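Student: After the sequence you'll find the predicted model.
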Amino acid sequence: MEKINLFLIDMSEDGTVSGVTRYLETLLRGLAAHSDIDVCWIRLIHSRRRLIHRQMRVDRHMEYIIPLPLAMDSIINESFWNQKYNAVVFHIIRHLFEGKKNIILHTHTLNLIDLSLYIRSKVDCKIITHLHCIPWKGIYNRNLGHFNHLYEMAYLHSTPETDRKLILSDWEYRSYTKADRLICVTRCGADFIRKGITEVLPPMDIIPNGMDDFYEKRMVGRKKDKLIRLVYAGALSPSKGLPFILEALRGVKQRGYDNIQLQIAGGGHPRFVDSLASQYRDLDIKFWGLLPFDKLKEVYRDSDIGVIASLQEQASYVALEMAMFGLAVITTAVDGLEEMFTDGVTALKVGVTFSSGDGLKVDVKMLEDKLIELIEDKKKRQRLRYNARQMYLKKLTLEQMIERTVAVYHQLV
């Protein structure tokens, strides 16, 4: 079997760990067992401290780091300058492709499609576009009014014409139509592309994210008390819905349940965190901030219930972690979360509501009721914990993700 030369390409912010970065790190761990695949990770990074491109070997793979221009957004949106920039990048990295066959460009940031296409014009290779997030849904944290307008088009007034309008840019369109293969992490992501694109699409695969199994059975019994420990993990950003969880917990407390503690593991803007701590000082809350994974594992192991209140989510690593650690999960029924969990079997689901005046919100009363349901019913918590863990083992392990992804690589070459 001939060797595959795989190039992973993404764009990221220096010093931050996004879901895409976590996926790539997980993918690299899984690919380490495949000696027939040589991997180079080309990382285009927004950074004020990196000035010079750099090549280095990390374990079994090569990494090539390229600092991005500070005005990268305007460059990408101007075709002339975008093409000029892509020519410069290719000049820097062209030696990586010399003398190699069976080349695959696995692109993980949609706005890098033109760089991939430029490379393909110079090198015999295949392009995979990997859809991790639906672009219009990411607007929630940047422009709420625009998000609400798009949400109405997508869910309240959907027509073939409005479906096409949800493809927001030419480079997004090219990402779906000019690649040789598409990988989506959810069915709803695949459906979004099929509804928005009228021309013939490349072959498409749906491969859910997987994760290494870090589960360890608790060897030391937890202190016997009546405290119910909840955990929220992830970014403290508006679309993740933490304020809705806090509001529901306040309602639960007002209904006579005061044996609840919420542990919050994740980073956010200090003013936002301080505002929540002040507004909900009547609740038993621990703000941990960003935790190293070893510490986060301890928080998961010591928790009874995991709560997810995201308003939009394609492939939640938090949901994966909670299932893998066998937590009883309460989650919003949106996007990839709706697909991952079965209501009443592997999680309890909570609805969202939308109006033109209030926008998209979690049904807080329903979340209150679901919390009380699990607080009162230990057997149900145990059943959900077991079922979530079994779901992870059956569908969401790293080995399953790698097997399906490597199969796509071999089909392309």
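Tutor: Structure's in. What do you need?
Student: how deep is residue 100 tucked in, by neighbour count?
Tutor: Here the number of neighbours of residue 100 (other CB atoms under 10 Å) works out to 16. All C-beta spots, glycine's among them, are computed from the backbone N, C-alpha and C.
Student: now residue 386
Tutor: 13.
Student: Surely it is in contact with residue 326?
Tutor: Yes - using CB atoms under 8 Å, residue 386 is in contact with residue 326, at 6.9 Å.
Student: The helix or strand containing residue 182 pairs with which strands, parallel or anti?
Tutor: Element membership of residue 182, judged by DSSP states H and E, is strand 181-184. Using DSSP bridges, strand 181-184 pairs in its sheet with strand 125-131 (parallel), strand 204-206 (parallel).
Student: Next SSE downstream of that strand?
Tutor: Assigned by DSSP H and E, the successor of strand 181-184 is helix 187-196.
Student: what angle sits between that following helix and strand 125-131?
Tutor: Angle, helix 187-196 to strand 125-131, by axes from the mean of the first three to the mean of the last three CA atoms, to 10 degrees: 110 degrees.
Student: List the contacts of helix 187-196.
Tutor: Outside helix 187-196, the residues that touch it by CB atoms under 8 Å, 6 or more residues apart in numbering are 131, 134, 160, 163-164, 166-167, 176, 182, 184, 201, 204, 206, 314, 335-336, 338-339.
Student: Of those, just the buried ones, ChimeraX syntax please.
Tutor: Filtering the contacts of helix 187-196 down to the buried ones (16 or more other CB atoms under 10 Å) takes a single ChimeraX command:
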select :131,134,163,166,167,176,182,184,204,206,314,335,336,338,339
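Student: Phi, psi for residue 266 please.
Tutor: Note on residue 266: backbone dihedrals following degrees, to the nearest 10 are phi 160, psi 160.
Student: ok, it - how many residues close by?
Tutor: Quick note: residue 266 (other CB under 10 Å) scores 20 neighbours.
Student: roughly how far apart are it and residue 231?
Tutor: According to CB to CB, to the nearest Å, residue 266 and residue 231 sit 10 Å apart.
Student: Tell me which of the strands paired with strand 181-184 sits most buried.
Tutor: Highest mean neighbour count of the strands paired with strand 181-184: strand 125-131, a mean of 24 (counted as mean count of other CB atoms under 10 Å).
Student: Other residues contacting it?
Tutor: 7, 97, 103-108, 110, 113, 116-117, 119-120, 175-176, 178-185, 189-190, 193, 314, 408, 412-413.
Student: Let's verify residue 106: helix, strand, or coil?
Tutor: What DSSP: H, G, I helix; E, B strand; the rest coil gives for residue 106 is strand.
Student: who does it bridge with?
Tutor: residue 8, residue 128.
Student: Correct me if wrong: residue 2 contacts residue 100.
Tutor: No - using CB under 8 Å, residue 2 is not in contact with residue 100, being 10.8 Å away.
Student: rewinding a little: show me the contacts of helix 187-196 that map onto helices.
Tutor: Residues of the contacts of helix 187-196 located in helices (DSSP state H): 160, 163-164, 176, 335-336, 338-339.
Student: okay, how far is it across stretch 272-291, tip to tip?
Tutor: Stretch 272-291 stretches 18 Å from its first residue to its last (CA to CA, to the nearest Å).
Student: ditto for stretch 41-54
Tutor: 12 Å.
Student: tell me which residues of stretch 344-362 are tucked away?
Tutor: So, applying 16+ other CB under 10 Å, buried residues of stretch 344-362: 346-350, 352, 359-362.
Student: send the alpha carbons of it over as CSV?
Tutor: Extracted C-alpha coordinates of stretch 344-362, given in CSV (Å, rounded to 0.1, in the frame of the first residue of the first chain):
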residue,chain,number,x,y,z
GLY,A,344,-35.3,10.0,28.2
VAL,A,345,-32.7,7.3,27.3
THR,A,346,-29.3,8.9,27.1
ALA,A,347,-30.2,12.4,28.3
LEU,A,348,-33.2,14.7,29.1
LYS,A,349,-33.8,17.3,26.5
VAL,A,350,-35.0,20.9,26.9
GLY,A,351,-36.6,22.9,24.2
VAL,A,352,-35.7,26.4,22.9
THR,A,353,-38.1,29.2,21.9
PHE,A,354,-37.9,31.9,19.4
SER,A,355,-39.7,35.2,18.8
SER,A,356,-38.8,38.2,16.7
GLY,A,357,-38.8,40.3,19.9
ASP,A,358,-36.9,38.1,22.3
GLY,A,359,-34.8,36.0,19.8
LEU,A,360,-33.7,32.5,20.6
LYS,A,361,-33.9,31.4,24.2
VAL,A,362,-33.8,28.2,26.3
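Student: picking up where we left off before, so can I have a markdown table of the buried residues of stretch 344-362 showing pLDDT?
Tutor: Shown next, in a markdown table, are the buried residues of stretch 344-362 (pLDDT from 0 to 100):
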| residue | pLDDT |
| --- | --- |
| 346 | 97 |
| 347 | 97 |
| 348 | 98 |
| 349 | 98 |
| 350 | 97 |
| 352 | 96 |
| 359 | 93 |
| 360 | 94 |
| 361 | 95 |
| 362 | 96 |
